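Asker: Using only what follows, build the 3D model:
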Amino acid sequence: MSLLDKASLIQIPSGYKNGKLYSVKPNPSYGSEQISNGDFATNSDWTLTSSANITNGKLNVSAGAFDFFAIQTALVNGNFYKISIEVAVTSGSVLLYTGSQFATITSSGVYNYNFTSDSTQIRFRSSGSGFVGSIDNVSVKEVLNDGDFDFSRSSSATRVNSEGLIEVASVLGSELITNGDFATDSDWSLSPTAGTATISNGKLNFTNSSSSGSQVQQTSRNYVIGKTYKITLTVSDYVQGDVRLSVGNNITNYFDSNGTFTQYLTYASGLPRTYVYTDNSTLSIDNVSVKEVIENDVPRLDYSGGASCASLLLEPQTQNLVTYSEDFSQWSTLSANAATYVSDLVNPDGSVGGYKISGDGIYLAIGLLTTTQRSIYARSVSGSGNVQLLSHNSNGGLATFTITEEWQRFDSNSSPFIAANFYIDLRGASSTLSELYVWGAQATNDQSYVTSYIPSNSGSQTTRTADVCNNAGTSATFNDSEGVLFAEIAALSDDLTYRQISLTESSGGGDVLTLDYSSTSNQIRSYIRVNGTTQSLTHTLTDETQYNKIAIKYKDTHEIWVNGSKVASSSLTLLPIDINLLTFDNGAGNGDFYGKTKQLMVFDEALSDEELSDLTGQVNDSFVQLANFYNYTIL
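Answerer: Below is the predicted model:
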């Protein structure tokens, strides 16, 4: 039997959606259905207000502000459940409650949530603006075993993808277009103002539309102002003209050749509908798709440093003080040479079009502190050489960086400022380059280390909120009497704060076992608390910012294993431990773990010394190496 077979929970960063980080093991298992008449086939089992009624197999709602319009008593207080619900939103939003609220639904779709019931009821309530729409296919089942993590972050955030490019972590929502493949002559309003539009042979065909243009549309698409949508369509049978597609009043570029095209639009105004525009066109389109690009609450699987194996990246809240991090035309000049736009420059995020800095350089007046952590991506126009970046030339002790034709990220946290500005100053005794390409300027004063890049191009400072990753497992996943908590992790910085991973009670603040970076430099700690009594072990690492494989064993002894060796041990008399969750904090909402995690496992039995040595004895640099080490089959 391999060690992976023995593990009761395995988290190797590989799968996710918004609000969820998937674990490899265990496979989720659920109890019986708790809801009666969840398909609303009959007018029964639900307590409804006058604003809701059951007709045509749905719960139809037109509720005023904060109206509990549907209630069913079906739960056990304190149990952990999964709910699935289908909602069609015309306006407003739906709030889901047991005793307290646990979810908000603002747009149409099928939604799944895990929650711990704090009453015996499941309740649906309208938002403050009311709710108009319908609900169907409500299912609630007790979660008997589930290793997936709940994830939240109320902002977008970037990662380095497997190709080495910086990108905003995102997933796509459900399809918002019906009959986008034109399989039937339905769902589209075919009423062009000129020319002819027909659906035939699985395509939407335009013929000889006049220069005044023509359009077909779908209405009531449930677009939300401020959200971004991915639009794709295929043009074929092209003879002449062009085609565009809109999300409300926001319109794509012209597409004027055969091919499949993609563009992203942010819905800002107009009725929530989709138009297809043509102008003097003879062509066909197919495969029209519009999906919301979801960026909040998306876990980041990061490949920084050229890694071939992803790590889960968890960071605290941070604000980029730079107001134009990529648009250097907004910066002031140190001499007559302003930033020059270069249309064919490929940036670190893969976008095309950026800025060259020459002459003395440029600066941005944003009121920085002397201890502000500053960073920027830079490369030479040609060749390599030395340059002093990130501070004014007259400041002493400037860091000198070697610039090549490859993009690199440079940072400084020590040089003082003149007039508290962000400088890209190419003067100085050590400078041998007079022009550079730059991208992605960042300045933070709430962290002492370089964080992931925060785009900030709107003229105001931009905040990335904290990553929160918790609530994996149930009581069936763990063993109160013995086990092992294992992690391959690296800290973001030796910042002398507690950053913890815990096996804990769902109520928080009770029994707990932790693995954490402590408030002592390069020190890891494990403590076990049972009924208010605590026992702890510590060990000093060579460097906590490098990956270490760490295992905490608990049974008759409490042990720490690091990189193949037992480094701390004591007898243990505090068992049993009443645990039913694995969390990236101290189990009570504090001490959040901020760092990088390659793998995380829990064993519901105490492993032997040989097994612990094997488990912690090899730092795996790739997913293939990891799989081979554990004799795991890659599908």
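
Asker: In this protein, which strand is the longest?
Answerer: For the chain, the strand that runs over the most residues, judged by DSSP state E, is strand 121-145.

Asker: tell me the mean pLDDT for that strand?
Answerer: On average, the pLDDT along strand 121-145 is 96.

Asker: Counting by contacts, list what that strand packs against.
Answerer: strand 29-33, strand 58-63, strand 68-73, strand 80-97 (3 or more CB pairs under 8 Å, 6 or more residues apart in numbering; DSSP states H and E). C-beta: built from backbone N, CA, C; applies to glycine.

Asker: Same question for that strand: list its buried residues.
Answerer: Buried residues in strand 121-145, counting neighbours by 16 or more other CB atoms under 10 Å, are found at 121-127, 130-136, 138-143, 145.

Asker: residues touching the nearest residue to L537 once chain neighbours are set aside, list them.
Answerer: Excluding the flanking residues, the one nearest L537 by CB to CB, 6 or more residues apart in numbering is A568, at 4.2 Å. Shown in contact with A568 (CB atoms under 8 Å, 6 or more residues apart in numbering): S526, L537, T538, H539, E559, I560.

Asker: Got a quick PyMOL command for the buried subset of these?
Answerer: Selection of the buried residues among these in PyMOL, burial being defined by 16+ other CB under 10 Å:
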select buried, resi 526+537+539+559+560
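
Asker: just the contacts of A568 now: which is nearest T597?
Answerer: T597 lies nearest to S526 out of the contacts of A568, by CB to CB, at 16.5 Å.

Asker: any idea which helix or strand carries that closest one?
Answerer: strand 523-530 (DSSP states H and E).

Asker: other SSEs contacting that strand?
Answerer: Strand 523-530 packs on strand 512-517, strand 533-540, strand 548-554, strand 557-562, going by 3+ CB pairs under 8 Å, 6+ apart.

Asker: So this structure: which segments form each domain?
Answerer: As given by automatic domain parsing, the domain ranges for the chain are 1-27+152-166+298-317+465-635, 29-145, 175-294, 325-461.

Asker: State the pLDDT value of T104.
Answerer: T104 is given a pLDDT of 92.

Asker: Let me see the contact set for it.
Answerer: Contacts of T104 by CB under 8 Å, 6+ apart are S93, V94, L95, L96, S127.

Asker: Equivalent analysis for G31, please.
Answerer: By CB under 8 Å, 6+ apart, the contact list for G31 reads K141, E142, V143, L144.

Asker: try 6 Å this time
Answerer: By CB atoms under 6 Å, 6 or more residues apart in numbering, the contact set of G31 is K141, E142, L144.

Asker: ok, for it, nearest residue in space, not its chain neighbours?
Answerer: Here the residue nearest G31, using CB to CB, 6+ apart, is E142, at 3.7 Å.

Asker: ok, what's across the strand from the one you found?
Answerer: Y81 (DSSP bridges).

Asker: quick one: G385 and G359, what's the gap?
Answerer: Distance from G385 to G359, counting by CB to CB, to the nearest Å: 16 Å.

Asker: Next: T372.
Answerer: T372 sits 25 Å away from G359, going by CB to CB.

Asker: Same drill for the two, tell me which one is more crowded.
Answerer: Between T372 and G359, counting by other CB atoms under 10 Å, T372 is the more crowded of the two (22 against 15).

Asker: right, and that one touches N445 too?
Answerer: Yes: T372 lies in contact with N445 (CB atoms under 6 Å); the separation is 4.6 Å.
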